Structure formats: C-alpha cells, structure tokens
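Participant: Could you work out the structure for the sequence below:
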Amino acid sequence: MSISVKGVTKLYGSQKALDGVSFEIAKGEIIGFIGPNGAGKSTMMKIITCYLPQTEGEVVVCGHDVVEDSMAVRRTVGYLPEHNPLYLEMYVKEYLGFIAEIHKVANARDRVAEMVEMTGLQLEQKKKIGTLSKGYRQRVGLAQALIHDPEVLILDEPTSGLDPNQLEEIRRLIKKVGEEKTVMLSTHIMQEVEAVCDRAIIIDQGKIVADDRVSEMQSKGIDETVIKVEFDQNVEEKELLGIEGVQSVRRVDGNVWILGAVTDTDIRPGVNQLAKEMGVAILTMQKEERSLEDVFKELTNS
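Facilitator: All right, here's what the predicted structure looks like:
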C-alpha cells in the first residue's frame, strides 16, 4: 500500500480541520481528493508530506511513518503545493539542478534534461522562472516534484488558473506519470477527476463522505433514467406525462424538456411515437448522464 491513513484528526485550537479520516491508496492508483473550500484537503496533503503533524491517528507512506521516519517519507514523495513556491530569479535549468542537488540525485545533469523533456520545458529551460506563464510555472513545479523519481506524487490544485490548452497538457502529463507512480490529486474541477482519476475521495467538513471508483460513484443513488428532448414546436406537459414509463417532466427552456423515467426504462420509442401522432419534429434527444459534480453537490451541500 502506497498511502495508509488511519483515524487522522487535526486540531487548530478547538477547530477540527480533520476528524477521524481514514483511507488507503494502492500503488499505481490516480486518486482525486476533492471537497469544498475549507474541507481539509490541503491539511491532509501537508500531513502526508510531513509539512504538518497530525493531532491523532497514523499515516504511513510506502511503509514509512510520517512522524517516526519523516526523512524517508520526504525521499519517497514528490509534492506540488497549491501555491507553487518557485525561485523566480533562477533560470529553469538552474533551479531544477538546484533541486536535484538537494535530493542528492545521481547523474543530476541527465535527470534534469529528462525532466525538461518530460514536462515540455525545452524552449523555456534557459529562461528565468519569473518570466514564464502560469502554465509553464506549473510544469516547472511538476518537474521539481518528479526530479528525485518519487514513488508517490502529491498534487494540490495543479491546474489552478490555467487556460483550457494548458489544462489539457497538464492532465496528459499527470496521466502519463500515473502509469508508473501513485498520484494523489486535489482539485475543484470535477471534469478533471473524471478525465484523469481512477477513484475519487470526497471530504467535507473534515470527514470522508465518499470513497469509490469514479464510475461507481456516478451510478450510486440513481433511481431514474433521464432523457433531454427538444421539439420544433410547443408540446404540452400532460402529453409528455402520458408517455408510458415517464414519471417526471420539467421544461428547461422553450421547447426543451427533461423527462424522468423508471431506471432502465427506455422511453425514447414512446417520445418518437408521441411526436409522430402530434405532427411535431424531434430536433435532439439524448440520455443525460449523472456527473461527478452532481454527486459532489449532493454530498457536500450540508
């Protein structure tokens, strides 16, 4: 097991930032660690990376206790904090060489060249970090987190503030890294978790409220099939409710409707039949999937 967290509580005075948190992450998993602001995500990550001690409980990373053997944990973990702490006056290649030296990396020059290529920094390696865009600074942050070839990678909001193109590039890089390493990724972007992660852990008010594979999490609690349909002219609600299997109807906008049916009931043939009988055309009709964002809102809207 790469990461084992058992009964971890963190107190700031009388405030509980974490309350009896427990979970495990196996080697080679990419985990989305998600929750509202103030839920305890960054606190948990700082404990795993030995930046903060827990008040109660046990955290073990690759067989090393974060309190009893913190130096071994630091050698095992690569960490990109939410606020990427870079030396802006240093050149990219110079900075990565400096980090490699801190970690006592063998063949540091070759390793720096490898990280520059992996993170797409070839054209920026001779520039000062302070002149780089946010996307390239994040790449530098990822490169420093990976320079010592850690077994575990902890990423706290790695795509915050990036444009859509930069987002896609960083996501591809994280997936590539995740083929060989354990990755724990904190983010507010649910689509990112759906695109990148094998499993999601949702934390709210310092407690774990869900922990499952993303696909399983999306399917839980569904008691109806939802169809979105747009007609070319007005259709009355009572006509839609008359379709066999339809149990709920909601107008979205104009002639666009959301139809709810009993789970595993296909109401599309009935919709087609109604349209034919009424002489109206169906412009679009699609099955609506439950998103991770829907699950997140349900579990954290307390």
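Participant: Helix or strand: which one has Lys228?
Facilitator: strand 224-231 (DSSP states H and E).
Participant: can I have that strand written out in PDB, keeping just the CAs?
Facilitator: Provided in PDB are the C-alpha atoms of strand 224-231 (Å, rounded to 0.1, in the frame of the first residue of the first chain):
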ATOM      1  CA  GLU A 224     -34.500   7.200 -12.700                       C
ATOM      2  CA  THR A 225     -33.300   7.400 -16.300                       C
ATOM      3  CA  VAL A 226     -33.200  11.000 -17.600                       C
ATOM      4  CA  ILE A 227     -33.800  12.000 -21.200                       C
ATOM      5  CA  LYS A 228     -33.400  15.500 -22.600                       C
ATOM      6  CA  VAL A 229     -35.500  16.200 -25.700                       C
ATOM      7  CA  GLU A 230     -36.100  19.300 -27.900                       C
ATOM      8  CA  PHE A 231     -39.100  19.600 -30.200                       C
END
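Participant: Following element in sequence after it, please.
Facilitator: From strand 224-231, the next helix or strand downstream (DSSP H and E) is helix 237-241.
Participant: List the buried residues in the lowest-mean-pLDDT helix or strand in the chain.
Facilitator: Here the helix or strand of the chain ranked lowest by mean pLDDT, DSSP states H and E is helix 214-219, holding a mean of 79. Residues of helix 214-219 classed as buried by neighbour count (16 or more other CB atoms under 10 Å): 214, 217-218. Using the backbone N, CA and C atoms, a C-beta is placed for each residue, glycine as well.
Participant: re the thing from before, give me the sheet partners of the strand holding Lys228 and which way each runs.
Facilitator: strand 256-262 (antiparallel), strand 282-288 (antiparallel) (DSSP bridges).
Participant: all strands of the stretch 51-200 of the chain, in order?
Facilitator: Taking DSSP state E, counting those that start in this stretch as the test, the strands found in the stretch 51-200 of the chain are 56-61, 64-65, 77-80, 152-156, 182-186, 199-204.
Participant: max-length helix in this structure?
Facilitator: In the chain, with assignment by DSSP state H, the single longest helix is helix 164-178.
Participant: between the strands paired with strand 224-231, which gets nearest to Ile31?
Facilitator: strand 282-288 (26.9 Å; CB to CB).
Participant: Tell me where the model's unsure across the stretch 201-302 of the chain.
Facilitator: 219-224, 302 (pLDDT under 70).
Participant: Show me the chain divided up by domain.
Facilitator: Following automatic domain parsing, one gets these domains for the chain: 3-219, 224-300.
Participant: Return the distance of the last one from the chain's centre.
Facilitator: Average the C-alpha atoms of domain 224-300, do the same for its chain, and the two points are 30 Å apart (CA atoms, centre = their mean, to the nearest Å).
Participant: Likewise for the first one?
Facilitator: Domain 3-219 has its C-alpha centroid displaced from the chain centroid by 11 Å (CA atoms, centre = their mean).
Participant: quick thing: my sequence starts at 38, can you match it?
Facilitator: Happy to do that; since the first residue is 38 now, the last one works out to domain 40-256.
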